[in-house]
Every structure is written in structure tokens, then in C-alpha cells.
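In: Structure of the sequence below:
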Amino acid sequence: LPLLSSPTTVATAAGVATLGYLIAAELSGELPGLAGAALHICIFVLSGSVAGLLSHELRTHYSGEQEGHRIATAVRHRLLAVLDSVGEGIVFRDRQGIVRIVNQRAEELFDIAAGDYLGDPVVGLLRTVARQTEDPEGFMETFQALRDDQELELREWVEQIIPNRRQLRLHSRPTFDDSGTPVGRIDVYTDVSESVARAAEVERLYEEARKTAESYQRGLLPSGVPSLARLNLVAHYIAAAGRRAVCGDFYDFVPLDEGRQAVVLGDVCGVGPPAANDAALTRYSLRSFATEESDPAALLDRLNLHLVSQTSPERFVRLLLGVLDPERGRLEYASAGHVPPVIYRARTRKVEWLSERGTVLGVDARAAYEAERVELEAGDMLVLYTDGVTEAARGGRPFGQGKFSDLVEQYGVGTPGELVQAIRRAVEAWVD
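Out: Model prediction:
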């Protein structure tokens with residue numbers, strides 16, 4: 001025993017016990033025998049030892065509690081110091097929904113004093129925050145879902161209007177101890193007002209640039225459609241939405257000798273002003289070369305060499321060049337990697353796909369192009385288009401050449417204008 005480990009301690013305890021016992025016996029007038037006296041003295045000493053042990057344990061336990069409390073207090077203060085140093089507002093509540101932590105940034109965001117809410121149910125704090133938002137009911141409804149699933153993780157945008165107008169991003173998630181047991185929930189409010197404002201400014205500048213480039217791109221298109229004997233021409237251009245609104249798609253009509261008409265349909269790689277710039281280079285270069293050469297294959301050979309020398313290797317152009325001869329009812333064409341044109345044959349009421357062979361322009365100076373000839377009969381309809389039609393996507397699925405072919409076959413019996421509108425409506429319905 002710790003208190004009886006010293007002989008001096010044992011002797012002192014025995015002496016004190018014997019003296020106390022003799023005094024008590026003398027006062028009571030009854031002196032016991034030697035054996036009884038020894039037994040009583042031993043019991044007395046043992047009782048004192050037990051009392052001493054209990055006193056020692058209590059002192060040790062109390063000292064341990066004080067040290068534990070000191071350490072816990074120090075850790076809490078350090079934790080609060082860390083939480084107060086971050087740029088996000090933080091609110092922590094325990095499993096019973098009692099607010100335990102509100103850091104300084106949360107106080108600043110919502111103009112509150114943490115002491116007014118610590119130890120109280122979190123619903124009071126949430127109502128205070130809700131009253132500062134654009135949609136108080138919606139804010140409270142966000143947390144209603146936690147009634148059914150306490151481990152649900154929430155990510156929401158909060159439009160704050162009081163005390164200042166801010167855009168806040170809320171991330172609320174449960175917290176767990178080392179054993180995986182839920183211990184509470186932490187709400188983190190991040191002020192993203194500045195980043196949202198910067199994004200809005202970037203979007204505004206991009207929209208201005210897009211409108212400028214789109215205006216520039218539309219300036220590349222012909223102002224009208226030529227009138228030809230025995231042929232009815234219709235052209236329709238629709239700008240795509242979003243970033244693809246400014247791209248390298250273009251078409252052109254170039255008059256040639258002997259009443260022939262060149263029809264050009266091009267698709268420059270990429271989007272935005274660079275693509276529109278390359279489209280302008282391609283269009284006006286082709287127009288210039290067409291004054292000296294009218295054979296489709298020879299024109300593409302010359303245009304390809306020019307683009308190889310004028311554009312960067314990663315940029316290229318898909319192009320279809322057709323030469324219409326109204327008097328002979330003939331089409332001569334050459335393709336540079338462009339999607340294949342189709343012809344609706346009035347006699348058979350079937351769709352005929354033309355060739356799409358040929359290397360894209362601006363990549364390989366050694367590329368050679370070949371021209372093909374197609375005879376057109378009365379009522380036949382030639383349809384040229386870009387891949388923006390067949391690759392228009394819905395849920396990752398393209399519109400496809402099959403649907404396009406079906407439309408041409410269905411509306412080929414009508415006028416070119418009716419067919420163009422049918423294709424437009426079908427593609428728009430597909431992507432909506």
C-alpha cells in the first residue's frame with residue numbers, strides 16, 4: 001500500500017491508533033483483553049489506511065481533471081483561432097442540433113454575435129440567416145431535407161441581400177469521429193461575390209467580342225442568291241448557339257465563264273474569331289484564283305498550296321467546290337474532306353450520296369484533288385450542307401445522316417425552300 005510502505009509510517013500509525021484506542025477504553029471504563037485490543041487496533045489502522053488511499057485517489061483524479069480541462073481548453077482556443085483565420089463563415093452544431101462554434105467570418109457575413117447563439121438550437125441561427133436572403137422560405141426548405149436524412153450533404157447558392165448584397169456558396173455536411181459515428185454538422189459559407197462579378201465581366205466582354213466576330217462572319221456571306229436559268233437556288237445559314245456561334249462555316253457563289261456558277265461550302269477548323277478569320281482568307285483567295293482557273297480540282301490544288309503557306313499546321317479547312325452548268329444540267333465538283341452532298345432523284349424518288357473523298361486543305365502541300373461529274377435531270381434536287389446539321393447533338397447523340405437522308409427523301413418532291421425549312425425545323429427540334 002502506498003501509505004504504509006515506510007516503517008516509520010507504519011509505527012506512527014500503530015502508535016496513534018493504540019493511544020487513541022486506550023483513551024477511548026479508559027473513558028468507557030472497559031479495558032479489553034490483549035487479543036481484542038490488537039484486533040481493534042488493526043481495524044483502526046486499516047480504516048485509516050483506506051481513508052488515506054481514497055483521499056490520495058481523489059486528489060490524483062482531481063488533478064487529472066484539471067490537467068485534462070486545461071488541455072481541452074487550450075486545444076479549443078487553438079481550434080477557434082484557426083477557424084477565425086479562414087476566409088469562410090463556419091457554423092458547427094452537435095448531433096442534438098445545438099450550436100457549438102460560430103467563427104468570426106460568420107459573424108461578419110451575417111452581422112451577428114456568436115455568443116447570442118452558442119448553446120442554443122441551430123434553427124434560431126438559420127432563421128436569422130434566412131431573413132437576410134433573397135428567398136427566406138427557400139433557404140429554410142433546403143435544411144428541411146435533413147429531417148429525413150441526417151447524413152445528407154448540401155451544396156446551394158445563397159443570394160444574400162442584408163447586411164450587404166453578396167453571392168454565397170453553402171456547403172453543409174455531417175462530421176464523424178474516428179470510429180465513423182456522426183458527431184454533428186458543419187456549415188461553410190463562402191463569399192464568391194467577387195469571382196461571380198469577374199465571371200460576369202468576362203462574359204460581357206466575350207459577348208461583345210462574339211457579336212463583333214459574328215457581324216464580321218456574316219459579312220463573309222454573299223448578300224444574295226444568283227438567279228440562273230433552269231436552276232432554282234436557295235441558301236440558308238443559321239448560327240449555332242454559345243461558343244460555336246462564331247465559327248468557320250461559310251458559303252459563296254462565284255460566277256464563272258460560259259454562264260457557269262461555282263458554289264462553295266466551307267468549314268474551317270475551330271471556333272471564334274480565328275476561325276472566322278481563316279474563313280475570310282479561304283473565301284477571298286478562292287475568288288481570286290477563280291478568275292484564272294475554273295476546274296474544281298485545279299482550284300483546290302492551288303488553294304491548298306496557298307493555305308499551307310498562310311495558316312498554321314493545326315488549322316485546316318474542309319471545303320466542297322461545285323461548278324454548275326445550267327445549260328447542260330451538269331455538276332462538276334471536288335471535295336476536300338467535306339461531308340458528302342446528296343441528290344434527290346425525281347425519277348426514282350431516292351436519295352443518292354455523292355463522294356466525300358479528298359484531303360482537307362492547309363495540311364499537306366502534296367495533296368492532289370480529283371473532280372467528279374454528275375448529270376442533273378429535271379426535278380432533281382442537289383443538297384449541300386455542313387456537319388453542323390448531321391452532328392447536331394441531343395444527349396450526346398448526333399442528328400445523323402440517316403435522319404437527314406429521310407428528310408431529303410420526304411421533302412424532295414417539293415420546292416428547295418420547303419426542303420430547307422423542313423431540315424431547319426427538324427434539327428432545331430432535335431437539339432431543343
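In: From start to finish, how long is stretch 394-403 in a straight line?
Out: 13 Å (CA to CA, to the nearest Å).
In: And the average pLDDT for that stretch is what?
Out: Mean per-residue pLDDT for stretch 394-403: 91.
In: And it, what's buried?
Out: 399, 401, 403 (16 or more other CB atoms under 10 Å). For glycine as for every other residue, the C-beta is placed from the backbone atoms N, C-alpha and C.
In: low pLDDT regions in the stretch 251-400 of the chain?
Out: Within the stretch 251-400 of the chain, no range satisfies pLDDT under 70.
In: Enumerate every residue touching the closest residue to Val268 other than its chain neighbours.
Out: Distances taken as CB to CB, 6 or more residues apart in numbering place Gly248 nearest to Val268, at 2.4 Å, with adjacent residues excluded. If a contact means CB atoms under 8 Å, 6 or more residues apart in numbering, then Gly248 has 266-271, 275-276, 278-279, 317 as its contacts.
In: can you put these in JSON lines and add distance to Leu354, secondary structure and neighbour count?
Out: JSON lines is the format used below for the contacts of Gly248 (distance: CB to CB, whole Å; DSSP: H, G, I helix; E, B strand; the rest coil; neighbours: other CB atoms under 10 Å):
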{"residue": "Gly266", "distance to Leu354": "17", "secondary structure": "strand", "neighbour count": "24"}
{"residue": "Asp267", "distance to Leu354": "16", "secondary structure": "strand", "neighbour count": "25"}
{"residue": "Val268", "distance to Leu354": "22", "secondary structure": "strand", "neighbour count": "28"}
{"residue": "Cys269", "distance to Leu354": "23", "secondary structure": "strand", "neighbour count": "18"}
{"residue": "Gly270", "distance to Leu354": "26", "secondary structure": "strand", "neighbour count": "17"}
{"residue": "Val271", "distance to Leu354": "27", "secondary structure": "strand", "neighbour count": "19"}
{"residue": "Ala275", "distance to Leu354": "26", "secondary structure": "helix", "neighbour count": "23"}
{"residue": "Ala276", "distance to Leu354": "28", "secondary structure": "helix", "neighbour count": "26"}
{"residue": "Asp278", "distance to Leu354": "25", "secondary structure": "helix", "neighbour count": "24"}
{"residue": "Ala279", "distance to Leu354": "23", "secondary structure": "helix", "neighbour count": "23"}
{"residue": "Val317", "distance to Leu354": "19", "secondary structure": "strand", "neighbour count": "26"}
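In: and which of these is nearest Asp120?
Out: Val271 (55.4 Å; CB to CB).
In: Identify the bridge partners of the closest one.
Out: Taking DSSP bridges as the rule, Val271 bridges to Cys247.
In: leaving aside the residues next to it on the chain, what's closest to Gln104?
Out: Asp84 (4.3 Å).
In: Just the pLDDT for that neighbour.
Out: For Asp84, pLDDT reads 80.
In: tell me the mean pLDDT for stretch 89-106?
Out: On average, stretch 89-106 scores 91.
In: what sits up against it?
Out: Against stretch 89-106 from outside (CB under 8 Å, 6+ apart): 80, 83-84, 86-88, 108-110, 112, 114, 117-123, 125, 175, 182-191.
In: In helices only, show me the residues you listed.
Out: 80, 83-84, 108-110, 122-123, 125 (DSSP state H).
In: quick one: low-confidence parts of the stretch 101-250 of the chain?
Out: Those would be 210, 213-214, 217, 240-247, if you go by pLDDT under 70 across the stretch 101-250 of the chain.
In: and the residue most central in space within the chain, bridged to which residues?
Out: Closest to where the C-alpha atoms of the chain average out (CA atoms, centre = their mean) is Arg155, at 12.9 Å. For Arg155, the beta-bridge partners under DSSP bridges are His171.
In: and it, what does it touch?
Out: 169-172.
In: Report the buried members of those.
Out: 169-170, 172.
In: got these as JSON lines, with distance to Leu221 columns?
Out: What follows is the buried ones among the contacts of Arg155, written out as JSON lines (distance: CB to CB, whole Å):
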{"residue": "Arg169", "distance to Leu221": "44"}
{"residue": "Leu170", "distance to Leu221": "48"}
{"residue": "Ser172", "distance to Leu221": "53"}
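In: All set, thanks.
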